[in-house]
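Asks: Kindly generate the corresponding structure for this input.
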Amino acid sequence: MTKPEDFKTMLASILENFGCQTGTLHRATEEGNSLALVCQIGVPDFLLEKISLIPFGKGIAGVAAERKKPVELCNLQEDLGGVAKVDARKTGVSGSLAVPIFSITSGKVIGTLGIGKFAPYEFSEAEKQRLADFGGEIARHFGDKQA
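Replies: Numbering: from 1, shown residues only. Below is the predicted model:
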């Protein structure tokens with residue numbers, strides 16, 4: 001069984017791969033309508049409670065889970081894109097990307113993987129696909145059992 005520290009090691013590797021400073025990994029709850037935080041890197045402590053449980057459809061991660069596709073904000077400090085909450089600016093992140101993680105067997109959303117840079121940044125389609133591929137690797141460690 002994959003331990004929380006193993007997920008944090010995976011997340012750190014992904015951040016390094018993308019040159020990002022912050023990242024989150026969420027897993028869908030058993031009910032399948034919210035995301036529970038598995039691990040994070042670089043998120044300010046005062047925001048941890050707000051991101052510990054995110055309903056599908058709320059915030060960048062929740063919207064990625066609901067839409068079943070990547071959600072990107074090129075400059076979170078200037079434009080919340082209609083998906084991020086004002087408190088998201090307190091992270092100091094500008095360019096951010098969240099992708100859904102799909103079950104290998106059922107195709108259901110079982111989590112989200114999010115990364116962010118302090119500088120404004122537009123992720124390419126190839127980068128979005130690469131992050132989704134990392135999500136597929138994480139799905140193997142999640143299995144089909146939800147949080």
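
Asks: C-alpha only now, for contacts and for neighbours.
Replies: Will do.

Asks: Any buried residues in the longest helix belonging to the chain, and which?
Replies: Of all segments of type helix in the chain, defined using DSSP state H, the longest is helix 125-142. Within helix 125-142, the residues scored as buried using 16 or more other Cα atoms under 10 Å are 128, 131, 132, 134, 135, 136, 138, 139, 142.

Asks: which residues touch the last one?
Replies: Spelled out, that is residue 142. Going by Cα atoms under 8 Å, 6 or more residues apart in numbering, residue 142 touches 2, 110.

Asks: how close does it get to residue 134?
Replies: Counting by Cα to Cα, to the nearest Å, the gap from residue 142 to residue 134 is 13 Å.

Asks: pLDDT weak spots in this protein?
Replies: In the predicted model, the chain carries pLDDT under 70 at residues 1, 4, 74-94, 144-147.

Asks: change it to 80
Replies: Within the chain, the set of residues satisfying pLDDT under 80 comprises 1-4, 73-95, 120, 143-147.

Asks: hey, where'd the strands end up in it?
Replies: Taking DSSP state E as the test, the strands found in the chain are 22-28, 34-41, 53-55, 71-73, 95-102, 109-117.

Asks: Please tabulate the ones you listed in TSV, including the columns distance to residue 63 and mean neighbour count.
Replies: Shown next, in TSV, are the strands of the chain (distance: least, Cα to Cα, whole Å; neighbours: other Cα atoms under 10 Å):
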stretch	distance to residue 63	mean neighbour count
strand 22-28	13	25
strand 34-41	11	21
strand 53-55	9	20
strand 71-73	7	24
strand 95-102	9	27
strand 109-117	10	27
